[in-house]
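J.: Could you look at this predicted model? Sequence included:
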Amino acid sequence: MHKFSKADIERISELRSKLREAADEIVTAYGPLNSEVANINTLLEAYNQLLTEANGVIEDIASEVQSEIDDKSEKWQEGDRGQAIIDWQSDLENFEFEALEMLDDIEVPELDHDGQLENLPEQANV
């Protein structure tokens with residue numbers, strides 16, 4: 001046998017139809033997912049704005065503490081209390097929240113299997 005039988009062609013045709021229907025259902029299901037990704041990204045953007053605000057507050061505090069340190073004597077700065085406050089100021093100065101990454105849209109996978117079945121040669125080239 002060097003070619004598809006009529007029964008083979010019918011089975012393949014039925015499978016192609018089922019694959020197309022299933023692919024259409026998958027594509028339809030992806031729509032709400034990307035809508036949710038957009039909603040989540042909106043929430044993430046708002047959260048990132050709060051992180052930026054928090055970074056700014058901590059930066060302001062670090063700057064204020066540095067000004068207070070600068071106003072103190074060298075002897076005070078070298079003392080235990082001065083060193084503890086200098087270390088704390090350094091921790092504040094180096095503190096920073098990193099922004100959360102936005103989500104990418106969820107891409108629909110390639111669903112052309114029905115087309116591949118359609119283009120499958122029905123017989124051997126002899």
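T.: The structure has been received and is ready for your questions. Residues are numbered from 1 along each chain as shown.
J.: Find the centremost residue of the protein, please.
T.: The centre of the chain sits closest to Leu103, judged by C-alpha atoms, centre = their mean, with a distance of 3.0 Å.
J.: The residue lying closest to it once chain neighbours are set aside sits in which helix or strand?
T.: Among residues not flanking Leu103 along the chain, Val37 sits closest, at 4.9 Å (C-beta to C-beta, 6 or more residues apart in numbering). For every residue, glycine as well, the C-beta is placed using N, CA and C. When elements are assigned from DSSP states H and E, Val37 belongs to helix 6-71.
J.: Could you pull up the mean pLDDT of that helix?
T.: The average pLDDT within helix 6-71 is 95.
J.: Can you list the helices and strands that it packs against?
T.: helix 80-94, helix 113-118 (3 or more C-beta pairs under 8 Å, 6 or more residues apart in numbering; DSSP states H and E).
J.: With distance to Leu15, mean neighbour count and mean pLDDT as extra columns, can I get these in JSON lines?
T.: Output for the helices and strands packed on helix 6-71, formatted as JSON lines (distance: least, C-beta to C-beta, whole Å; neighbours: other C-beta atoms under 10 Å; pLDDT from 0 to 100):
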{"stretch": "helix 80-94", "distance to Leu15": "62", "mean neighbour count": "13", "mean pLDDT": "97"}
{"stretch": "helix 113-118", "distance to Leu15": "6", "mean neighbour count": "14", "mean pLDDT": "89"}
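J.: Asn41: which of the ones you listed is closest?
T.: Of all the helices and strands packed on helix 6-71, helix 80-94 sits nearest to Asn41, with 29.1 Å by C-beta to C-beta.
J.: Run through who's touching that closest one.
T.: The contact list for helix 80-94, computed with C-beta atoms under 8 Å, 6 or more residues apart in numbering, reads 58-59, 61-62, 65-66, 68-69, 72, 76-77.
J.: just stretch 31-51 next, same as before
T.: 97-106.
J.: Now go through the residues you listed and say which are in strands.
T.: Among the contacts of stretch 31-51, no member falls in strands (criterion: DSSP state E).
J.: hmm, which of these are the buried ones?
T.: Buried by 16 or more other C-beta atoms under 10 Å: nothing, out of the contacts of stretch 31-51.
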